[in-house]
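Novice: Here's a sequence, model it:
(one chain, ligands or ions: 1)
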Amino acid sequence: MINIAQLVKKQRDFFQTERTKDLSFRINALETLRQMIKESEGDIISALKDDLNKSEFDAYSTEIGIVLEEIRFTLKNVEKWARPRRVKTPLTHAGSRSYIYPEPYGVVLIISPWNYPFQLAIAPLIGAIAAGNCAILKPSELTPNTSKLLARLVKDYFQEEHIAVVEGGVETSQMLLSEKFDYIFFTGSVPVGKIVMEAASKHLTPVTLELGGKSPCIVHEDANLKLAAKRIAWGKFMNGGQTCIAPDYLYVHRSKSADFLNQLKVTIKELYGEAPLENKNLTKIVSERHFKRLEAFMKDGSVFTGGGSSLEQLKIEPTVLTGITWDDPIMEDEIFGPILPVLEYDDLAEVIKEIRQRPKPLALYLFSENRTLHDRVLGSVSFGGGCINDTVYHITSPYLPFGGVGSSGTGAYHGKGSFDTFSHEKSVLKQTTMFDIPIRYPNFKNGLKYI
Ligand code: NAD
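Specialist: Alright, predicted model coming up:
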């Protein structure tokens, strides 16, 4: 059994040596991380297959490729991001110059979930390393093959005083949380996010919370229905619907509902075949508990397409439910599975009102050709991030910081956002000793003669 307190101390001692602050140390570590991933691609793909039945295509495009691109982007920019930067100085501070020095926090804890178990562990780690921190990673116990692989790879490629993986479930996570860290980066559910924040508050440790929630997707009457169906089916049903920013539910304008739904049915067949349960690339549901939770939603409204499931394989067909209202159980919490409930609307104002009176979503998607309408929704609804005329795709841009707002999370990362997340910005005023301005001192009218 790993001694967590000792490991944290070891990392803290190593951080004190200041080696991780050296830019070339960070660049080397990022290159090592890249090498680790490239040399282990086959192992990563098979761990993801064993844990979630992810296809090779999905494993590469949504887990491996995404972090390799993040490493490439970070390596290209880290020198620039790490430099102290000069900022403006007001006239009242004449004679002085102002700077911001990014500095690493120290020893950070990264707790990750099971749905993209490789990507969501490594992506924050890239930022932690680039900013010059030591890090302990706690992967999810629900994807044990990926967790075990991460532990082995990190041990093989890194010194544990710099980067270490601690495997385990709730108990291990809580043991880690009782230690004092300098930063905690958590990805997971809203209830556990609250536990993490409470634990962090005991040590006044700053946190990033990447949480979830019900992300709406609106298809307006002027939308390109065919494209909307394709992009919604892609974002909703990838990874068995187990994506934090998947469209959780659909609001479709009543006048176009029938056309859109028929289009959606055609698209689902194109993507997953006539018999999705027989499609060997269909991602499975992570556990029997989640499978049963999801299966129970099939009783809500009526099944428009899909509806089939296999407990033996832990697979659920891409399913669309119609005739849904906010009173149905499926509308209570984040679905996190391949079931898409559809509500209809006549007036966009109703939709905006409904969304605004609920917790702020992690993502929102709007399909419409009308820019005024885009601005109306963007201006009146608060959400973490999202897309106009697409779903999920915003997460792949390193120029768009990714995160939630309110109960869908706090803080953001990706690209420079990751470097900033794991850095404290130290503000420094460099003052002149050539002269002194007396007015800030008490009793300045009598003049100060001591300079
Ligand atoms: P989870 O909150 O159950 O678990 C996340 C991590 O926390 C795991 O490592 C787990 O071991 C640990 N954990 C669980 N219970 C704990 C407790 N009581 N105390 C301390 N640690 C605990 O989440 P999950 O089921 O792994 O992931 C699904 C959730 O994550 C969904 O809500 C989804 O929306 C969210 N998510 C968010 C993002 C994002 O980027 N915002 C990405 C992926 C998933």
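Novice: can we go C-alpha only for contacts and neighbour counts from here?
Specialist: Noted.
Novice: Show me which residues of the stretch 101-250 of the chain sit near the ligand.
Specialist: Contact residues, the stretch 101-250 of the chain versus the ligand (Cα under 6 Å from any ligand atom): 111-114, 138-141, 169-170, 173-174, 187-189, 192, 210-213, 244.
Novice: Those residues in strands, which ones?
Specialist: 111, 138, 187, 210 (DSSP state E).
Novice: would you list these in TSV and tack on neighbour count and pLDDT?
Specialist: Listed next are those as TSV, based on neighbours: other Cα atoms under 10 Å; pLDDT from 0 to 100:
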residue	neighbour count	pLDDT
I111	24	98
K138	25	98
T187	23	98
E210	27	98
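Novice: Nearest to E344 among those residues?
Specialist: The shortest approach to E344 among those belongs to E210, at 29.8 Å (Cα to Cα).
Novice: Bridged to the closest one, which residues?
Specialist: Going by DSSP bridges, E210 is paired in beta bridges with T187, G409.
Novice: was I right about it contacting T410?
Specialist: Yes. Between E210 and T410 there is a contact under Cα atoms under 8 Å: 6.6 Å.
Novice: about what we covered before: so which of the ones in strands among the residues of the stretch 101-250 of the chain next to the ligand is the closest to the ligand?
Specialist: Nearest to the ligand among these, counting by Cα to the nearest ligand atom, is E210 at 3.6 Å.
Novice: residues contacting that closest one?
Specialist: 185-188, 403-404, 408-412 (Cα atoms under 8 Å, 6 or more residues apart in numbering).
Novice: And for F185?
Specialist: Contacts of F185 by Cα under 8 Å, 6+ apart are 108-111, 124, 207-210.
Novice: Helix, strand or coil: sort out it for me.
Specialist: Judged by DSSP: H, G, I helix; E, B strand; the rest coil, the three-state class of F185 is strand.
Novice: how far out from the middle of the chain is the helix or strand containing I27?
Specialist: I27 belongs to helix 23-39 when assigned by DSSP states H and E. Counting by Cα atoms, centre = their mean, to the nearest Å, helix 23-39 is centred 22 Å from the centre of its parent chain.
Novice: Can you list the low-confidence ranges for the protein?
Specialist: 1, 444-451 (pLDDT under 70).
Novice: Please tell me how far Y101 sits from T89.
Specialist: According to Cα to Cα, to the nearest Å, Y101 and T89 sit 15 Å apart.
Novice: what does S407 give?
Specialist: Taken as Cα to Cα, the span from S407 to T89 is 37 Å.
Novice: ok, the two, which is more surrounded?
Specialist: S407 (23 against 14; other Cα atoms under 10 Å).
Novice: In this structure the more buried one contacts S382, no?
Specialist: No. If you go by Cα under 8 Å, S407 and S382 don't touch, sitting 11.3 Å apart.
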